[in-house]
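>>> Here is a sequence with its predicted model. Questions after.
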Amino acid sequence: MPLAPLIVLLVLLPAAAATALTLPSWLVSGRARKQPVAAAALKKVQMGEFTGGTGGSSQRAVQAELESAHEFQITSGQAEFVISGASVGGRLTGRVMDSSGKRLLERTYAAPGLDENARAFADDVILAITGKPGLATSRIAFVSDKSGVRQVYLSDPEGREVFQVTHHRHGAVSPTLNSDASAVAYTSYRSGFPVVQWLDLGQGWERTVTDTSGSSFGAAFSPDGQRLAMVMSFLGNPEVFVTDLNTNTAACISDTTGVPGSPSWHPDGRQVIFSDDRGQGPALYVAEVPETNQSQASLVRWRTGYRFSTDPEFSPDGQSVAFTARSGGHLAVVVKGWPNGHARVIQAGGAAHPSWSPNGRYVCYTQHGVLYVHHLTSGHRRAILEKQGRISEPRWMK
């Protein structure tokens, strides 16, 4: 299904001076994540001595984070790696040594809280030993109506630290985080119709992404954080555009008479998958993102095996897609191998809007207004946020 020649239009980005927010320190400590590597057998890790006045508390906090990550077998016997450290007043210096005595990691963490330092060290331990990013310092954006109007919130993966990002009178929805959680984009109704807003979590400044006429909604950050895929209607019918945040240009990558939505990037940054309802229920389509403005784009329908498919998201390794589908008369979360793999229902009974963890081992989703984190290998899931209003549209940073 080829597209017409690519349309490139200028999009003006106004100066970021509309609103300044005061943000908690844990929101601005994200670090860039590396791509996950192939799964391997669990390595044996021993918790060594943690000296200093808060050494014991630090050791317990680090061990708890590592146990919850399910990445290692923590043992008191012979191990491949030894974790040790020193902590005074919550400040933590952590070390990782292998069985030959080689030092793999030594770093000092000086955030205000001991727990915050323990989570950051645990993430670095996981990355140093496995090559996969840890999750403790990752963030999940989501929407909740807890305040009476739907607003965007951020949380850690345990649901322990929750922060309300938006306070718009008419609400805000459809959040997306960039790869290091330094920025969030979302759809705001502050002017009465949907427009995409961009918020720098480091500085607290937010701005409108475009000043074109018509609506814009459903943004998704590219893997490099330099572009946004989003739906814009300034030409009349809504279409999926890729907006370059540096050059102020937007390129149309869809060609539809329906209603597109929920765009998501392949981790290589060259494809965008989205849902489109052309009168027979939503289906999934994949568009190539041309390298130049003069290149031809292409668009294909991706057959999922379900008549109702929406909310797609590529896994961090690009080998699977998670999406919402209708199964047994109810919504369900489905994972299907890309491009031609087997599809399996991960959670039925009203589960929706899945999003992958940075290491690809988990998906989060909502079911009946509760936010869950689901381990794909074991099938174990746990509710991380409930009784927090009705939660929807979670997006995990990549």
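That came through, no problem.

>>> Surely R301 touches Q280?
No: between R301 and Q280 there is no contact under Cβ atoms under 8 Å: 11.3 Å. C-beta coordinates here come from the backbone N, C-alpha and C atoms, glycine included.

>>> Which of those two has more residues huddled nearby?
Set R301 next to Q280 and count neighbours by other Cβ atoms under 10 Å: R301 wins out with 12 against 9.

>>> low-confidence ranges in this protein?
By pLDDT under 70, the low-scoring segments of the chain are 1-41, 292-297.

>>> Look through it and tell me its longest helix.
Assignment by DSSP state H gives helix 114-130 as the longest helix of the chain.

>>> Which SSE is immediately downstream of that helix?
As assigned by DSSP states H and E, the chain's next helix or strand after helix 114-130 is strand 140-144.

>>> Which elements pack onto the next helix or strand after that following strand?
Sequence order places strand 151-155 as the next helix or strand after strand 140-144, per DSSP H and E. Where contact means 3 or more Cβ pairs under 8 Å, 6 or more residues apart in numbering; DSSP states H and E, strand 151-155 is packed against strand 140-144, strand 162-164, strand 172-177, strand 183-188.

>>> contacts for the last one?
Spelled out, it's strand 183-188. Applying Cβ atoms under 8 Å, 6 or more residues apart in numbering, the contact partners of strand 183-188 are 141, 152, 154, 165-166, 168, 170-178, 194-202, 209, 216-219, 221, 225, 228, 230.

>>> got the angle between it and strand 140-144?
With axes from the mean of the first three to the mean of the last three Cα atoms, to 10 degrees applied, the angle from strand 183-188 to strand 140-144 works out at 20 degrees.

>>> now the angle between strand 172-177 and strand 183-188, please.
Going by the same axes, to 10 degrees, strand 183-188 makes 160 degrees with strand 172-177.

>>> Work out the gap between strand 183-188 and the centre of the chain.
13 Å (Cα atoms, centre = their mean, to the nearest Å).

>>> Now that strand - C-alpha only, CSV.
Provided in CSV are the C-alpha atoms of strand 183-188 (Å, rounded to 0.1, in the frame of the first residue of the first chain):
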residue,chain,number,x,y,z
ALA,A,183,11.1,15.2,28.9
VAL,A,184,7.5,14.3,28.6
ALA,A,185,5.1,15.1,25.8
TYR,A,186,1.3,14.8,26.2
THR,A,187,-2.0,16.0,24.8
SER,A,188,-3.5,19.0,26.5
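
>>> Parallel or antiparallel, list what pairs with it.
strand 172-177 (antiparallel), strand 195-200 (antiparallel) (DSSP bridges).

>>> tell me the most buried of those strands?
The highest mean neighbour count among the strands paired with strand 183-188, using mean count of other Cβ atoms under 10 Å, belongs to strand 172-177: a mean of 24.

>>> Test my guess that R95 contacts S87.
No: look at R95 against S87 with Cβ under 8 Å: they stay out of range, at 11.9 Å.

>>> and S57, helix, strand or coil?
With DSSP: H, G, I helix; E, B strand; the rest coil as the basis, S57 sits in helix.

>>> Could you measure from the nearest residue to it once chain neighbours are set aside over to T51?
Nearest non-adjacent residue to S57, counting by Cβ to Cβ, 6 or more residues apart in numbering: L114, 6.0 Å away. Distance, L114 to T51, by Cβ to Cβ, to the nearest Å: 15 Å.

>>> again, but for F234
Where T51 is concerned, F234 sits at a distance of 62 Å (Cβ to Cβ).

>>> Please apply the same query to G159.
For G159 relative to T51 (Cβ to Cβ), the value is 32 Å.

>>> L92 now?
From L92 to T51 the distance is 11 Å (Cβ to Cβ).

>>> what touches both of these two?
Listed as contacting both L92 and T51 by Cβ under 8 Å, 6+ apart are 85-86.

>>> Compare those two and say which is more crowded by neighbours.
Using other Cβ under 10 Å as the criterion, L92 and T51 rank with L92 on top: 29 against 15.

>>> That concludes my questions; thank you for your assistance.
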